[in-house]
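K.L.:
Okay, here's the prediction I keep looking at, along with the sequence it came from:
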Protein chains: 2
Amino acid sequence: MAVYTEIPDNELVEYLKQYDIGELHSLKGIAEGVENSNYLLSTDNGMHILTLYEKRVKKDDLPFFLGLKDHLAENGVICPRPIAMRDGRVLGELAERPSAIISFLDGNSVKRPNPSHCEQVGQALAQMHLAGAGFELTRENALAPKDWEPLFEMSGRQTETVAMGLSAMIREELAFLNDNWPADLPSGVIHADLFPDNVFFLKGELSGLIDFYFACNDLLAYDVAICLNAWCFEADNSFNVTKAAKLLRGYNSVRPLSDREADALPVLCRGSALRFLLTRLYDWLNVPVGALVTPKDPSEYIEKLRFHRHVESASDYGIDLT
Amino acid sequence: MAVYTEIPDNELVEYLKQYDIGELHSLKGIAEGVENSNYLLSTDNGMHILTLYEKRVKKDDLPFFLGLKDHLAENGVICPRPIAMRDGRVLGELAERPSAIISFLDGNSVKRPNPSHCEQVGQALAQMHLAGAGFELTRENALAPKDWEPLFEMSGRQTETVAMGLSAMIREELAFLNDNWPADLPSGVIHADLFPDNVFFLKGELSGLIDFYFACNDLLAYDVAICLNAWCFEADNSFNVTKAAKLLRGYNSVRPLSDREADALPVLCRGSALRFLLTRLYDWLNVPVGALVTPKDPSEYIEKLRFHRHVESASDYGIDLT
């Protein structure tokens, strides 16, 4: 849930005059996105999303994020699209923050994905990877393998308060990943956060991808690994190989993984599990005073990481079942 | 901002089958109302509000709240209206909570009301008082004068941590109000919480009243006093007599206050200021662990109460200017 910036009445009315979307009907803060303030904005032209970029998002990254959505939408990916002002700009300023108005996407995220959802997500991810190919801007992954050790050091000794032995496990994992991370796989624009929260479905059919605020340039197969972690474990942290097989089948039907990419999946899954473990660990130990967001339990990703440490090859993810 | 209950995907789809509003397009938790979980629900039929009643609302009160909105809407008050299920009921159950779907009202609340807003609120409040006349259900005011002393005792000694001398001021006020509360003024259904948050405007015109979850039977002029406190002070807690005069003029243009009601306004304003001071004081001292709501500063109502203690007659509220 986001922190909501209060928008002064007159500022909003003036702001909207820069767009060709008619007059204001209503504005409601919505519980979507944790980095920004998001509002459902209704005008003469219908529904839109108004986003105010709060300080956790770097202003320099905004042209990448907004341009990417535009590029992907242009290339057939269903995603929210920034609406241009009368002068052609998409990035404005409102309530002393960078701001944008984005098209509204019908659909809802699912809390308990089924195998069909997983297959559709695999397809959509591969489509996004192909569609991203021609995008001229780039953005470095701010949570790449080289960033994991410094991130872990920020949690430091407090790590043991979450689970005994966790520090040793993380150090082992950092060393393993340092030695085994695949360097030369196909790379491109990845979503890097394609959790169920960020995928909409309408009557069972995927109706769009949202929240590109972690998107960056990195290994495409790493994005697949993030999705395996995000979509294919049950609530009790058990791995559902049927869902994984479907997700991989969906992906392969659009952009077949090479043998080298498939072989790298176990390592990439360990890396992805560690990346989310480390950010959740840090957030868990550093809840800001007055926070409106309940941090997510890091232990979910301890379990997932343990699972991947026992995986021997991509066939354990059901890739041969596809 | 509300606490959001997660609604299981399938339950929502099943739930909607009880209504004649088409299939689900999207559902977004919105930052409106603090007692309930509220969602913007889009279906084939357009936008609605879905409300889940959380434990702070008594289930026995729901027929009053829902019936009142229906009755008021029937009698010309613009307010959200409960949508009946196919079997005629308006109160359902979803995610193990009582629930209702309410019509969506266009418009936005204003953060800084101007005199025209105040006049329109006065009119709308009087219209609501007249329209409430024929409503057959009744609900006692759960925060009536008799409840103020026990409420104050719940804050007890901690009161002095908010402001030195506050306990003595409150005790004095309780004694004064006990001796001077007007018992025999016209009563009826009052909104009891008509703050700027709860009034929508569209292009400068009042477009509806929302949030009837404090509505009850009490003195009509007490509702006017609540609005004087809620609408006619500036951000620095100074009293704006122009706004008050407009609010009273708007009210009188629809339902003229009797001389006895007007004479009682200073006492009713003191009572209303004390009522909000006491609830804010309690909420301020008792923030639940993990609360998503930042409590409102009680000192705003200390200032307002001080102002009314110096008021000599309703003419200080600009009633003669109307």
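P.N.:
It's in. Residues are numbered from 1 along each chain as shown, chains lettered A, B, ... in the order given.
K.L.:
Where does the closest residue to A:Gly132 other than its chain neighbours sit, in terms of helix or strand?
P.N.:
In space, and not counting its chain neighbours, A:Gly132 is closest to A:Val189: 3.2 Å by Cβ to Cβ, 6 or more residues apart in numbering or on different chains. Backbone N, C-alpha and C define where each C-beta goes, glycine included. Assigned by DSSP states H and E, A:Val189 falls within strand A:187-190.
K.L.:
ok, and what's touching that strand?
P.N.:
A:68, A:128-129, A:132-133, A:135, A:141, A:215-220, A:222-223, A:226 (Cβ atoms under 8 Å, 6 or more residues apart in numbering or on different chains).
K.L.:
from those, which is closest to chain B?
P.N.:
A:Met128 (21.0 Å; Cβ to the nearest Cβ).
K.L.:
Please, where are all the strands along the stretch 201-322 of chain A?
P.N.:
A:205-209, A:216-219 (DSSP state E, counting those that start in this stretch).
K.L.:
who touches A:Ser116 in this structure?
P.N.:
Going by Cβ under 8 Å, 6+ apart, A:Ser116 touches A:204, A:246.
K.L.:
helix or strand for it, which one?
P.N.:
Assigned by DSSP H and E, A:Ser116 belongs to helix A:115-131.
K.L.:
roughly how far is that helix from the heart of the chain?
P.N.:
Mean-position distance between helix A:115-131 and its chain equals 14 Å (Cα atoms, centre = their mean, to the nearest Å).
K.L.:
so A:Gln18 touches A:Glu93, yeah?
P.N.:
No: using Cβ atoms under 8 Å, A:Gln18 is not in contact with A:Glu93; the gap is 10.0 Å.
K.L.:
What residue spans form the domains of chain A?
P.N.:
A:9-103, A:115-321 (automatic domain parsing).
K.L.:
Which one of those domains lies nearest to B:Ala244?
P.N.:
Ranking these by proximity to B:Ala244 (Cβ to Cβ) places domain A:9-103 first, at 20.5 Å.
K.L.:
List the strands paired with the strand holding A:Val189, with their directions.
P.N.:
Note on strand A:187-190: by DSSP bridges, its sheet partners are strand A:216-219 (antiparallel).
K.L.:
Could you tell me which residues within the partner strand count as buried?
P.N.:
Neighbour counts over strand A:216-219 (16 or more other Cβ atoms under 10 Å in any protein chain shown) mark A:216-219 as buried.
K.L.:
Report the two of these separated the most.
P.N.:
A:Cys216 and A:Leu219 (10.7 Å).
K.L.:
after the helix holding A:Ser116, next one along is what?
P.N.:
helix A:145-155.
K.L.:
packing partners for that next one?
P.N.:
helix A:166-180, helix A:259-285 (3 or more Cβ pairs under 8 Å, 6 or more residues apart in numbering or on different chains; DSSP states H and E).
K.L.:
what about A:Leu40, which SS state?
P.N.:
strand (DSSP: H, G, I helix; E, B strand; the rest coil).
K.L.:
which among the contacts of strand A:187-190 end up buried?
P.N.:
Buried members of the contacts of strand A:187-190, counted by 16+ other Cβ under 10 Å: A:68, A:128-129, A:132, A:135, A:141, A:215-220, A:222-223, A:226.
K.L.:
ok, residues contacting the one helix or strand A:Glu11 maps to?
P.N.:
Under the criterion of DSSP H and E, A:Glu11 resides in helix A:9-16. Contacts to helix A:9-16, defined as Cβ under 8 Å, 6+ apart, come from residues A:23-24, A:27, A:43, A:92, A:94-95, A:99, B:108, B:110-112.
K.L.:
Apply 7 Å and report the result again.
P.N.:
A:23-24, A:27, A:43, A:92, A:94-95, B:110-112 (Cβ atoms under 7 Å, 6 or more residues apart in numbering or on different chains).
K.L.:
Out of those, which sit inside strands?
P.N.:
Judged by DSSP state E, the contacts of helix A:9-16 include A:24, A:27, A:43, A:92, A:94 as members of strands.
K.L.:
Let me know the closest of these to chain B.
P.N.:
A:Leu27 (5.4 Å).
K.L.:
That closest one and B:Asn45, how far apart?
P.N.:
Using Cβ to Cβ, to the nearest Å, A:Leu27 is found at 22 Å from B:Asn45.
K.L.:
Between the two, which is the more surrounded one?
P.N.:
When A:Leu27 and B:Asn45 are compared for neighbours, A:Leu27 comes out ahead with 18 against 14, by other Cβ atoms under 10 Å in any protein chain shown.
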